[in-house]
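missing the sequence, but the structure's below:
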């Protein structure tokens, strides 16, 4: 079977396509025929060596596939079941604990492979009627947006959500917010992407290249009040504007570091004077994933996939991600 491993010290030229034997299931494991994965920013950092990992790591944290074999102690599944991964395969329920937060495709081997053997407890079902490529967008980006807005933010109809850019988390957050009756303000850097955001239901668009102090523009569009929720994926380069844009007592979900991990401006007084609620979000547990799936089974949300690459083109897919040419998710197929 085909598999891609990352050798030290990382870098796209150190992603190697190899041929290895298919895995066999241990008593409590299932063997998944991986149909699709999708790229996340975390995956890119691993591939570039910016998140150190074991030499020879099998990368990628998202998966959708089919169970083709199982150990004799497996009780939750049957052959042919369609499943998707959990980014934290050991975090089943309850609050986060350090020993449960082993990230797949980073701390342990991931899904840049045609088959994988994994615990029967490390996967869930997929939403009804979804394709494998669609389901493979959910474990990281979809679940992150779900936890940010629904579980931590307690999103209500009529509230206003700010999303940044057009990556997987932001697009899913936009779709989720609109499906729940919220208003959405989106930032982007091009009119082309702005039109796509409008087509998905964004109520207001702000071009952050034309308005680098976009927090002021958000205030202008909300009668000076600010938004109820900010899905903060930019990090150090955008956090100050997010603090400016959020309302008194509003919620900022800290998710990404696309513009850097450090905040240069001292903004602590603004945070406590506005009594902002801050949530650090890094996916969620399996029970949250099941709740998200149940909701998606009642909605018409479908992920936006702008590009598809074969497993053998994984380095090209990451280069496409670096160039920010995608809108929504980049899909990786194992069907070659």
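Okay, I see it. Everything numeric in this text was worked out from a predicted model, so none of it was measured.

what about the stretch 201-336 of the chain, any weak spots by pLDDT?
For the stretch 201-336 of the chain, applying pLDDT under 70 flags the ranges 257-266, 336.

swap in 90 and give it another go.
Where the stretch 201-336 of the chain drops to pLDDT under 90, the residues are 234-238, 256-273, 282, 324-325, 335-336.

list the buried residues in stretch 220-228.
Buried residues in stretch 220-228, counted by 16 or more other Cβ atoms under 10 Å: 221, 222, 226, 227, 228. All C-beta spots, glycine's among them, are computed from the backbone N, C-alpha and C.

could you report the separation of the second one from residue 321?
Plainly put, residue 222 is 32 Å away from residue 321 if you go by Cβ to Cβ, to the nearest Å.

can you check the third one too?
Between residue 226 and residue 321 the computed distance is 31 Å (Cβ to Cβ).

now the first one
From residue 221 over to residue 321 the distance is 30 Å, taken as Cβ to Cβ.

so what's the residue lying farthest from the centre of the chain up against?
Residue farthest from the centre of the chain, counting by Cα atoms, centre = their mean, is residue 72 at 33.2 Å. Residues in contact with residue 72, defined by Cβ atoms under 8 Å, 6 or more residues apart in numbering, are residue 27.

can you confirm it is in a strand?
No. Residue 72: not assigned to a strand; according to DSSP: H, G, I helix; E, B strand; the rest coil it is coil.

returning to what we had before: can you redo the buried residues of stretch 220-228 as JSON lines with distance to residue 91 and secondary structure?
Below are those laid out as JSON lines (distance: Cβ to Cβ, whole Å; DSSP: H, G, I helix; E, B strand; the rest coil):
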{"residue": "221", "distance to residue 91": "38", "secondary structure": "helix"}
{"residue": "222", "distance to residue 91": "36", "secondary structure": "coil"}
{"residue": "226", "distance to residue 91": "33", "secondary structure": "coil"}
{"residue": "227", "distance to residue 91": "30", "secondary structure": "strand"}
{"residue": "228", "distance to residue 91": "28", "secondary structure": "strand"}
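
and these, which is closest to residue 7?
If you rank the buried residues of stretch 220-228 by distance to residue 7 using Cβ to Cβ, residue 227 comes first, at 44.1 Å.

hang on, the closest one packs against residue 244?
No. In this structure, residue 227 is not within contact of residue 244 by Cβ atoms under 8 Å, at 10.6 Å.

find residues that contact each of the two.
Each of residue 218 lies in contact with both residue 227 and residue 244 under the rule Cβ under 8 Å, 6+ apart.

how much space between residue 253 and residue 284?
According to Cβ to Cβ, residue 253 and residue 284 sit 12 Å apart.

how are the strands of the stretch 151-300 of the chain distributed by residue range?
Along the stretch 151-300 of the chain, counting by DSSP state E, counting those that start in this stretch, strands occupy 160-164, 183-188, 204-207, 227-232, 246-254, 277-280.

now stretch 226-236: buried residues?
226, 227, 228, 229, 230, 231, 232, 233, 234, 235.

greatest separation within these: which pair is it?
228 and 235 (21.1 Å).

what's residue 211 in contact with, if anything?
The contact partners of residue 211, by Cβ under 8 Å, 6+ apart, come to residue 217.

helices along the stretch 101-250 of the chain, start to end?
In the stretch 101-250 of the chain, the helices defined using DSSP state H, counting those that start in this stretch lie at 132-135, 143-146, 168-179, 191-199, 214-221, 239-245.

redo those as JSON lines? Include distance to residue 123.
Listed next are the helices of the stretch 101-250 of the chain as JSON lines, based on distance: least, Cβ to Cβ, whole Å:
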{"stretch": "helix 132-135", "distance to residue 123": "11"}
{"stretch": "helix 143-146", "distance to residue 123": "13"}
{"stretch": "helix 168-179", "distance to residue 123": "20"}
{"stretch": "helix 191-199", "distance to residue 123": "32"}
{"stretch": "helix 214-221", "distance to residue 123": "39"}
{"stretch": "helix 239-245", "distance to residue 123": "34"}
